[in-house]
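Undergrad: Could you work out the structure for the sequence below:
(one chain, ligands or ions: 1)
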Amino acid sequence: MRRWKFWDEAASNQETAPPETAQSGSLPGRTAHAGEPVPKPSSAPPPLPTHSEAQQRLASLTRRRDGILFDVEQAELARTADNPWRERMALLGETLKVVQNDIAALDREPRVVRPPLPPTPIVISEVTPDDPARILFTVGSTEFHYESDLDWAEKGTTIARGELLRTQGDPAAIIPDEIPGDLRDELASHLENSLFIFATDLRHRADEDQPQPDSATLADLAQPCPICGHWQSWGGFCATCADRANRRRALEAEFMRISAEQAAEEEERAKWAERLPTALRRLKDVEDEIAALSQL
Ligand SMILES: [Zn+2]
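TA: Residues are numbered from 1 along each chain as shown. Below you'll find the model as predicted:
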């Protein structure tokens, strides 16, 4: 609001340069507009500012001084022992410790003991990869059928093939009698996955004209993992190890992100601290100018 008042007074005096010209004149390298005469350097001393010009200048200097004072305060704060940047860095440091503990806890997760399964043979009787897919095999005396839920289905421009569905056979039926009761549910759900992976592998081999496995057994569907001890699926895939690896990667990414945030806080603090001498010099200049104008 104050600025407008001053501008009104200045407009009545018709002595200040229009803002547009002042702005163009400040462009680096520019000396004049097209169509305007090239300004000639004048040797005459500048005329004393009128009262309203002095007021206007004073107001703008005061605003500038407030801005510089803020810079000085921040720069001085950045040089103290307890500053907000260090506080935030300390808090982030606490979070980093928690993440490190989580990683250590993950690495300390106990190794379990799961019994191996007997080498009951798997006999493959049919592998038709498509239209519709039919994968038939027996584990011991239990017959399993897998079929594709849909024929080749078009989704947009890509063709997605139907996933295999188990249409016959119960994974719980192939659990050996000697498996203790508290492991049977876990093993049933493991075998459900492992059998699906086995059937999908047979389909894939037929697609690629690769030979089918000729001596697969029940033991191959649930090998104890040498790292975590849980059962691995057909083909040696360990879901527990994969899950741990994913969680570890996520924690490591979190650690890196927080470390970067911490480094950014220190960078910001150092930038403010470095600014102090310049800010003090600018403050002195603007205060000198204000004092000179106030005496007019
Ligand atoms: Zn494992």
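Undergrad: Pull up the residues of the chain that are close to the ion.
TA: Contact residues, the chain versus the ion (C-beta under 5 Å from the ion): Cys225, Ile227, Cys228, Cys238, Thr240, Cys241. Where C-beta positions appear, they are placed from N, C-alpha and C, glycine not excepted.
Undergrad: I'd like these as TSV, with neighbour count appended.
TA: Shown next, in TSV, are the residues of the chain next to the ion (neighbours: other C-beta atoms under 10 Å):
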residue	neighbour count
Cys225	19
Ile227	12
Cys228	19
Cys238	20
Thr240	16
Cys241	15
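Undergrad: what two of these are the furthest from one another?
TA: Farthest pair in these (C-beta to C-beta) is Ile227 and Thr240. Separation: 8.6 Å.
Undergrad: can I get the residues of the chain next to the ion in CSV with pLDDT and secondary structure?
TA: Listed next are the residues of the chain next to the ion as CSV, based on pLDDT from 0 to 100; DSSP: H, G, I helix; E, B strand; the rest coil:
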residue, pLDDT, secondary structure
Cys225, 97, coil
Ile227, 94, coil
Cys228, 95, coil
Cys238, 96, coil
Thr240, 94, helix
Cys241, 95, helix
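Undergrad: By proximity to the ion, which residue of the stretch 51-200 of the chain wins?
TA: Here the stretch 51-200 of the chain gets closest to the ion at one residue, Arg111, 8.9 Å apart by C-beta to the ion.
Undergrad: before we move on, what SS does that residue have?
TA: What DSSP: H, G, I helix; E, B strand; the rest coil gives for Arg111 is coil.
Undergrad: ok, and the closest non-adjacent residue to it?
TA: Gly229 (4.6 Å; C-beta to C-beta, 6 or more residues apart in numbering).
Undergrad: now that neighbour: how far from Gly236?
TA: As for Gly229, its distance to Gly236 is 14 Å (criterion: C-beta to C-beta, to the nearest Å).
Undergrad: Looking at these two, which has the bigger crowd around it?
TA: Gly229 (14 against 10; other C-beta atoms under 10 Å).
Undergrad: Let's verify that one: helix, strand, or coil?
TA: coil.
Undergrad: that older thread, can you tell me which residues contact the residue nearest to Arg111?
TA: Going by C-beta atoms under 8 Å, 6 or more residues apart in numbering, Gly229 touches Arg111, Val112, Val113, Arg114.
Undergrad: and these, which are buried?
TA: Buried members of the contacts of Gly229, scored by 16 or more other C-beta atoms under 10 Å, are Arg114.
Undergrad: and which of the contacts of Gly229 is nearest Arg64?
TA: Arg64 has its nearest neighbour among these in Arg111, at 68.0 Å by C-beta to C-beta.
Undergrad: Could you tell me which residues make contact with that closest one?
TA: By C-beta under 8 Å, 6+ apart, the neighbours of Arg111 are Ile227, Cys228, Gly229.
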